[in-house]
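Peer 1: Return atomic coordinates for the entry below.
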Amino acid sequence: MVANRRTPARSTAAGRTWRQAEPAPVVVISGGEDLLADRAVRRIGTQLRQADPGVTVTTVAAAGYEPGQLSTLTSPSLFGEPRMVVITGLAEGNDAALADVDAYLKNNDPDPDVTVVLVHSGGAKGKKVIQRAVDAGAPSVHVPVIKRDTDRLALVAEEFTDAGRRISTRAAQSLVDAFGSDLRELAASCAQLIADVDGDVDEDDVRRYYGGRAEATGFEVADAVATRDRARAMLALRRALDTGVDPIPLVAAIASRLRLLAKVSAVSGSGAQVAAEIGAAPWMVDKARRELRAWTPAELGEAIIVLAEVDVALKGGVEVAGVVRGASADHTFTLERMVRATTAPRRSAG
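Peer 2: Modelled structure (predicted):
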């Protein structure tokens with residue numbers, strides 16, 4: 001089971017985590033993970049409401065900002081109620097938004113009842129304004145895009161920990177397999193399981209709620225290809241295509257799995273050591289090592305090349321060595337040829 005304890009949140013070199021977001025006259029939230037940015041904003045708002053239920057919260061999109069809005073929203077109030085003003089999308093902000101935020105930051109006497117939250121997803125535009133806020137002492141909350149499965153698994157564990165619940169490692173991995181590309185859906189699936197399932201959540205619970213989704217994302221096909229089980233891979237492929245799965249993410253799921261095998265094969269050490277080196281869970285390394293018995297290094301390399309060529313062909317209609325026929329052709333034929341090519345009987349290593 002994933003333990004119902006959490007490692008205390010630690011500030012990163014770039015700033016605080018979303019769990020450390022706190023009210024201040026100006027708060028900067030930077031990074032491309034929208035879900036975590038929203039949570040940081042919500043956490044600040046919750047703390048302000050706990051201090052004063054009468055706080056008003058106003059959100060303004062920087063792309064549609066009108067000149068003078070920030071000044072109006074932060075001007076002293078007749079009744080002195082606390083206010084929170086959130087400026088979102090500063091990376092896409094118009095000139096008026098950036099100019100008004102810059103002018104506000106130069107004000108040496110901000111209203112103590114006002115909290116201004118500046119949200120910037122990254123990129124050059126608006127970066128100078130954000131940096132000026134940080135240099136002036138504004139706390140910085142960093143919400144980088146979550147790219148690694150280990151970080152997605154940690155998010156799942158934290159969702160259950162926050163609710164005082166537990167989820168097995170295999171169940172958590174199944175959720176990541178099904179929803180990992182969409183963090184909001186991943187978090188929503190955790191919330192549904194927490195609400196609907198009594199007690200600890202295991203893999204059977206995930207399969208009962210989201211089994212069709214997990215299969216349709218291509219991970220069942222990837223499992224079969226990784227073990228070079230052609231019959232199971234073909235059956236899983238046809239089932240996935242019958243549910244209307246997009247071939248491109250399906251190929252990406254298989255390619256990701258084979259790249260994991262390549263990474264594991266290139267690193268020596270215990271499962272835990274290899275996992276730390278490549279950014280995977282130890283059980284995933286152990287599973288990959290079992291799957292590697294079905295491959296020679298040359299075959300694995302060739303399969304990864306085939307998948308890369310198929311990906312390019314599906315996106316651009318390029319014909320590749322008779323394996324695919326182009327983006328406008330029958331995807332079923334293309335993908336079946338791909339599965340046959342990657343699950344051919346193992347050749348002798350010698």
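Peer 1: export the helix or strand containing Leu300 as PDB, just CAs?
Peer 2: Using DSSP states H and E, Leu300 maps to helix 297-316. Once non-C-alpha atoms are left out, helix 297-316 reads as follows in PDB (Å, rounded to 0.1, in the frame of the first residue of the first chain):
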ATOM      1  CA  PRO A 297      19.600  -5.500 -27.400                       C
ATOM      2  CA  ALA A 298      19.500  -5.300 -31.200                       C
ATOM      3  CA  GLU A 299      15.800  -6.300 -31.400                       C
ATOM      4  CA  LEU A 300      14.900  -3.700 -28.800                       C
ATOM      5  CA  GLY A 301      16.700  -1.000 -30.700                       C
ATOM      6  CA  GLU A 302      15.000  -2.000 -34.000                       C
ATOM      7  CA  ALA A 303      11.600  -2.000 -32.300                       C
ATOM      8  CA  ILE A 304      12.100   1.500 -31.000                       C
ATOM      9  CA  ILE A 305      13.100   2.700 -34.400                       C
ATOM     10  CA  VAL A 306      10.000   1.000 -36.000                       C
ATOM     11  CA  LEU A 307       7.700   2.800 -33.500                       C
ATOM     12  CA  ALA A 308       9.400   6.100 -34.100                       C
ATOM     13  CA  GLU A 309       8.900   5.700 -37.900                       C
ATOM     14  CA  VAL A 310       5.300   4.700 -37.400                       C
ATOM     15  CA  ASP A 311       4.700   7.700 -35.300                       C
ATOM     16  CA  VAL A 312       6.100  10.000 -38.000                       C
ATOM     17  CA  ALA A 313       4.200   8.200 -40.700                       C
ATOM     18  CA  LEU A 314       0.800   8.400 -38.900                       C
ATOM     19  CA  LYS A 315       1.300  12.100 -38.300                       C
ATOM     20  CA  GLY A 316       2.600  13.000 -41.700                       C
END
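Peer 1: What residues of it count as buried?
Peer 2: 299-300, 302-304, 306-307, 309-311, 313-314 (16 or more other Cβ atoms under 10 Å). (Each C-beta comes from the backbone N, C-alpha and C, glycine too.)
Peer 1: what are the ranges of the strands in the stretch 101-250 of the chain?
Peer 2: Using DSSP state E, counting those that start in this stretch, the strands found in the stretch 101-250 of the chain span residues 114-120, 140-142.
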